[in-house]
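In: Sequence and predicted structure below; questions after.
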Amino acid sequence: MSDVIVVGAGVVGAACAYYAARAGLDVTVIDRGSVAAGTTGSGEGNVLVSDKEPGPELELAVLSNGLWRELAGRFDGPSKGQGGFEFEPKGGLVVAENDKVMAALTELAAQQGVEHTIVQASGLRDYEPHLTPELAGGVFYPQDAQVQPMLAAARLLRHAAESFGKGTVRLHLGAEVTGFLRSGDRITGVRTTRGDVLGDAVVNAAGTWGGEIAALAGVELPILPRRGFILVTEPLREPLIRHKVYTAAYVTNVASDNAGLETSAVIEGTPAGTVLIGASRERVGFDRTTSVPVLAKLARQAVELFPALRGIRAIRSYCGFRPYCPDHLPVIGADPRAPGLYHACGHEGAGIGLAPATGHLLAQLLTGDKPALDLHPFRPDRFAKEAA
């Protein structure tokens, strides 16, 4: 019998388990695969405030940004300041192709109210010496950061298990949830392919598959997969890119409802010396078929932004599925339609960055504390017809 059952061992589920255990709760984490085997294992590791419009998601991102920094210090290992999960507070540079886009970026930055620096075209190369000179300027966000998402999920789970008492966090991997246990209307556990697990509360942190888990409980969450590809280059001898760099089109694509293909240049280096090149978005179900035309477009956009990449080889690509919600906000909180069920899913491409805040806020709910942020905008039943 656990205080909390977390369904999903990605970074959001790991954060929920970590903060629940840190609050003194006994936690069981269940996943049909291994740790970070789903969307987390296919992510870039973005910890961004720069791409969020003013509102509840930006507030969530700012809270989470601070929590990632706290975790990096708390988990510190051989690489000081990186927390054992390659935390890099390198900042993000959003660039504009023309004066009109630059004006829009400047206006957005002013509305966001987060720390930023307006960079004129003449100053871009002070930030990124290899950028194309054919840009109108940009905005630098020092709070933007990067983590290695698989390491982050694993470290959260391991640290919780090792730091908050033996047996506080248990992993049931290779166990698929097939249904829910109930006492009257209240959920009291889950049925899995490896047996029943009892708990006072169940947290749905199944990411892109969060809607399927919700359906097993008889409630609807309109979470859909949004596929994205990433190109990975060969390791470079010397770092070519200092920050996370992306074009203004990325901000537009994040907020788009279009089901068709959208791409924008998102480029950054890693501690291993490789360069990650994205990003694409399209709703094609769970089709993992590699699209060479999409990869070619990503490569072309990267070279247009950083001409020095033209002679660098791409060594592999991968794709993942972002958990898309129609209003582009995650689902966080208790589900009034199914007492005992909580949700922590639907973060789309921001799940890595928003994971600590999501886990922290849910732990506050589970222990009866007042959440640090108003969770009303993220409520699970907001999509119901009667809520329209």
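Out: That came through fine.

In: Quick check: can you list the domain ranges of this structure?
Out: 2-67+149-222+327-387, 92-142+224-324 (automatic domain parsing).

In: mind checking the end-to-end distance for the shortest one?
Out: Distance across domain 92-142+224-324, first residue to last, is 23 Å (Cα to Cα, to the nearest Å).

In: Reformat the domains of the chain as JSON lines; add mean pLDDT and mean neighbour count.
Out: C-beta here means a position set from N, CA and C on the backbone, and glycine is covered the same way. Formatted as JSON lines, the domains of the chain follow (pLDDT from 0 to 100; neighbours: other Cβ atoms under 10 Å):
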{"stretch": "domain 2-67+149-222+327-387", "mean pLDDT": "95", "mean neighbour count": "21"}
{"stretch": "domain 92-142+224-324", "mean pLDDT": "93", "mean neighbour count": "18"}
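
In: Of the ones you listed, which is nearest residue 85?
Out: Closest to residue 85 of the domains of the chain, according to Cβ to Cβ: domain 2-67+149-222+327-387, at 4.0 Å.

In: Off-centre distance for the closest one?
Out: Domain 2-67+149-222+327-387 sits 12 Å away from the centroid of its parent chain (Cα atoms, centre = their mean, to the nearest Å).

In: Run through the residues that contact residue 142.
Out: 89, 91, 115, 116, 117 (Cβ atoms under 8 Å, 6 or more residues apart in numbering).

In: Sorry, wrong one. I was asking about residue 206.
Out: Contacts of residue 206 (Cβ under 8 Å, 6+ apart): 7, 8, 13, 38, 177, 212, 213, 345.

In: For those, work out which two are farthest apart.
Out: Checking the contacts of residue 206 with Cβ to Cβ, the most distant pair is 13 and 212, at 14.8 Å.

In: could the contacts of residue 142 be laid out in TSV, adding distance to residue 149 and secondary structure?
Out: As requested, the contacts of residue 142 are arranged in TSV below (distance: Cβ to Cβ, whole Å; DSSP: H, G, I helix; E, B strand; the rest coil):
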residue	distance to residue 149	secondary structure
89	16	coil
91	19	coil
115	24	coil
116	25	coil
117	27	strand
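
In: Pick the one among these closest to residue 269.
Out: Among the contacts of residue 142, residue 91 lies closest to residue 269 (Cβ to Cβ), at 12.8 Å.

In: Identify the residue nearest the closest one in space, chain neighbours excluded?
Out: residue 142 (4.5 Å; Cβ to Cβ, 6 or more residues apart in numbering).

In: And that neighbour, its phi and psi?
Out: Main-chain dihedrals, residue 142, degrees, to the nearest 10: phi -70, psi -20.

In: Residue 301 now?
Out: According to degrees, to the nearest 10, residue 301 has phi -60, psi -40.

In: element containing the residue nearest to residue 16 when sequence neighbours are not counted?
Out: Ranked by Cβ to Cβ, 6+ apart and with sequence neighbours excluded, the top spatial neighbour of residue 16 is residue 359, at 4.3 Å. Assigned by DSSP states H and E, residue 359 belongs to helix 351-366.

In: looking just at contacts, which helices and strands does that helix meet?
Out: Packing partners of helix 351-366 (3 or more Cβ pairs under 8 Å, 6 or more residues apart in numbering; DSSP states H and E): helix 11-22, strand 46-47, helix 56-74, helix 149-163, strand 331-334, strand 341-345.

In: What is the subsequent helix or strand relative to whichever strand or helix holds residue 203?
Out: According to DSSP H and E, residue 203 maps onto strand 195-204. Per DSSP H and E, the first helix or strand lying C-terminal to strand 195-204 is helix 210-216.

In: wait, which of the contacts of residue 206 is closest to residue 279?
Out: Distances from residue 279 to the contacts of residue 206, taken by Cβ to Cβ, are shortest for residue 38, at 18.1 Å.

In: residue contacts, that closest one?
Out: Here residue 38 is in contact with 8, 10, 206, 207, 208, 209, 320, 321 (Cβ under 8 Å, 6+ apart).

In: give me that answer again for 7 Å
Out: 10, 207, 208 (Cβ atoms under 7 Å, 6 or more residues apart in numbering).

In: Repeat that for residue 65.
Out: By Cβ under 7 Å, 6+ apart, the neighbours of residue 65 are 47, 49, 143, 145.

In: cutoff 6 Å now
Out: 49, 143 (Cβ atoms under 6 Å, 6 or more residues apart in numbering).

In: Distance check, it against residue 353.
Out: Using Cβ to Cβ, to the nearest Å, we find residue 65 at a distance of 7 Å from residue 353.

In: likewise residue 42?
Out: 15 Å.

In: now residue 254
Out: 12 Å.

In: what bridges to residue 317?
Out: Beta-bridge pairing for residue 317 (DSSP bridges): residue 231.
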